[in-house]
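> generate a structure from the sequence data that follows.
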Amino acid sequence: MSVGPTIVVLHEHAGVLELIEGILRDRGTRALGTLDAFEVAEIVRRVKVDLLVMSPAYNGVASDLRALQTDLSIVVLDDEPVWLEEIADAVVAALPSRRECS
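Predicted coordinates for the structure are as follows:
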């Protein structure tokens, strides 16, 4: 079984985080989620991350994380409510390789 792209999700609401993680896993990605910016920094130090998805509340840490992985792609979610499928579609489309996850 091959593992899809690694996507890290950083969100301040546990319920939203779990929903996003679940739908990304359903799309064939290796989704890792956390509520903690320090934990994301540890993940980025140790694992090649294909994409970081985060809520605007954490926007201030983006430059620090890019210093750890200079080619790190980041998607900042809107504060506006959207459908989870729309989030998943946008995240998969933002993957650097643009490969389709099934």
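> check which helices and strands the longest helix seen in the chain sits against.
Using DSSP state H to define each element, the chain has its longest helix at helix 14-26. Contacts defined by 3 or more CB pairs under 8 Å, 6 or more residues apart in numbering; DSSP states H and E place helix 14-26 against strand 6-10, strand 30-34, helix 84-94. All C-beta spots, glycine's among them, are computed from the backbone N, C-alpha and C.
> residue 73 is nearest to which of the ones you listed?
Closest approach to residue 73 among the helices and strands packed on helix 14-26 (CB to CB): helix 84-94, 6.4 Å.
> circling back: the longest helix of the chain: how far from the chain's middle?
Helix 14-26 has its C-alpha centroid displaced from the chain centroid by 10 Å (CA atoms, centre = their mean, to the nearest Å).
> circling back: go through the helices and strands packed on helix 14-26 and pick out the most buried.
Most buried of those, by mean neighbour count (mean count of other CB atoms under 10 Å): strand 6-10, with a mean of 24.
> show me what that strand is in contact with.
For strand 6-10, the surrounding residues in contact (CB atoms under 8 Å, 6 or more residues apart in numbering) are 17, 20-21, 24, 29-37, 40, 43-44, 47-55, 58, 61, 91, 95.
> one more: stretch 42-54?
The contact list for stretch 42-54, computed with CB under 8 Å, 6+ apart, reads 5-11, 20, 32, 34, 40, 61-62, 65, 68-69, 72-77, 87, 91, 94-97.
> who's the nearest residue to residue 94 once chain neighbours are set aside bridged to?
Ranked by CB to CB, 6 or more residues apart in numbering and with sequence neighbours excluded, the top spatial neighbour of residue 94 is residue 75, at 4.9 Å. In this entry, residue 75 is beta-bridged to residue 53, by DSSP bridges.
> tell me who's in contact with residue 75.
51, 52, 53, 54, 90, 91, 94.
> now do the buried residues in stretch 47-56.
Across stretch 47-56, burial judged by 16 or more other CB atoms under 10 Å covers 49, 50, 51, 52, 53, 54, 55.
> so which of the residues you listed is the closest to residue 83?
Among the buried residues of stretch 47-56, residue 53 lies closest to residue 83 (CB to CB), at 15.2 Å.
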